[in-house]
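Novice: sharing a model prediction with you, sequence too.
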Amino acid sequence: MQKQALIVGISGVIGRALAEKLQAEGWQVTGLSRGRGAIPEGCSSLTADLTDAAAVRAALTEYKPDALFFSVWARQENEKANIRVNGAMVKNVIDALGERLQGAHVALVTGLKHYLGPFEAYGKGNVPVTPFREEQGRQPVDNFYYAQEDEVFAGAEKYAYRWSVHRPHTIVGYALGNAMNMGQTLAVYATLCREMGWPFIFPGSPQQWQGVSDVTDASLLAEQLHWAATSATAANQDFNTVNGDVFRWNWLWPRIAAYFGIEAADYPAQMMPLDGRMAEAAARWQQVVGKYQLREADISKLVSWWHTDADLGRPMEAFTDMSKSRKAGFSGYRSTLDSFSQLFDRLKAENIIP
């Protein structure tokens, strides 16, 4: 029989890539969301407010998945609220499915803030030495990732399913209206720099500019999620998830610039975050859209200045070790330069950038 997958967060950059991967592998894919974003072609949709336990139960009354994937969060005013809201969303879905999860696989996507701490305590704790390894465990700070993990672990004890946790670095992939999409943000930024004659300035910290880094292609994360849901060696394990190569931004930045036919500016004398420099970007983007007849005039659906600033502004080096999943049998790899150029190619093909 055809395997059934339920993706919570299907309209995001991770959920979309995962849906495409699972469908290519012959799965029937259903998304659970509030219904605000478009779901990938060929998928079914269930609608509920994930913070409303009764609404989630009603939406999932008859549903029995072979695998349940969580790639969802709702940003709140502080980490205490993040824990309450985002932990509850995971719990509500697991409890709604209940005994129907017996023997299934439940996968949770979190990220490197597992090691770095949440946004309000970013890098302020005793950050583990790089490369980050799963054995380094949790930071002694409030973190909604830990709350989500704990709900997955508690559900496994109660409902007898197997689980996996996946920790990507910055995601590079295609999705409109996504709050955590650095690749797309940089594509819009570079386009604006070319069209308006602005300097293409790296907005982040000197540590990020000079230090070793890595990223995660959304398709590679989807590949690892599918592997974990079908491999006995992945059961009840946590895994880092990155492309498998490393780079320095002072190497990659001029190559991104070259893709767009512009020069990379020298590193500035001080950090120059995008969020403080892009006040005119919305109006200028509409000019670009009019000139080239592009598909999306609302720049807020394309960029996440604040999140890109957070990623590139880290005051420390950040990259991860992939040995654990390699030893368990996952061999996926992506070239980071290819990840960015392929995303930019798709944005052109979809008429998002000229």
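Specialist: It's in.

Novice: how many neighbours does the spatially closest residue to A19 that is not a sequence neighbour have?
Specialist: Spatial nearest neighbour of A19, excluding adjacent residues (Cβ to Cβ, 6 or more residues apart in numbering): P40 at 4.4 Å. Just so you know, the C-beta spots here come from the backbone N, C-alpha and C atoms, and that holds for glycine as well. Around P40 there are 19 other residues, counting by other Cβ atoms under 10 Å.

Novice: show me what the helix or strand where A229 lies is packed up against.
Specialist: Assigned by DSSP states H and E, A229 belongs to helix 218-230. Contact here means 3 or more Cβ pairs under 8 Å, 6 or more residues apart in numbering; DSSP states H and E; on that basis helix 218-230 packs against helix 13-24, strand 67-70, strand 105-109, strand 162-168, strand 171-172, strand 237-241.

Novice: how about residues contacting the helix or strand following the last one?
Specialist: When you say that, I think you mean strand 237-241. Where DSSP H and E defines the elements, the next helix or strand beyond strand 237-241 is strand 247-248. Residues outside strand 247-248 that contact it (Cβ atoms under 8 Å, 6 or more residues apart in numbering): W209, Q210, G211, V212, S213, D214, T336, L337.

Novice: go again with 10 Å.
Specialist: 208-215, 253, 255, 317, 319, 335-337 (Cβ atoms under 10 Å, 6 or more residues apart in numbering).

Novice: how far away from the center of its chain is the helix holding A229?
Specialist: Distance, stretch centre to chain centre, for helix 218-230: 13 Å (Cα atoms, centre = their mean, to the nearest Å).

Novice: tell me what angle that helix forms with helix 13-24.
Specialist: 60 degrees (axes from the mean of the first three to the mean of the last three Cα atoms, to 10 degrees).

Novice: mean confidence (pLDDT) on helix 218-230, please.
Specialist: Averaging pLDDT along helix 218-230 gives 98.

Novice: out of the helices and strands packed on helix 218-230, which comes closest to P118?
Specialist: When the helices and strands packed on helix 218-230 are compared by Cβ to Cβ, strand 162-168 sits nearest P118, at 14.0 Å.

Novice: just the CA coordinates for that closest one, please, in PDB.
Specialist: C-alpha atoms of strand 162-168 as PDB (Å, rounded to 0.1, in the frame of the first residue of the first chain):
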ATOM      1  CA  ARG A 162      10.100   5.700  16.600                       C
ATOM      2  CA  TRP A 163      11.600   9.200  16.200                       C
ATOM      3  CA  SER A 164      14.400  11.300  14.800                       C
ATOM      4  CA  VAL A 165      15.600  14.900  15.300                       C
ATOM      5  CA  HIS A 166      17.300  16.800  12.500                       C
ATOM      6  CA  ARG A 167      19.500  19.900  13.100                       C
ATOM      7  CA  PRO A 168      20.100  21.800   9.800                       C
END
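
Novice: noted, bye for now.
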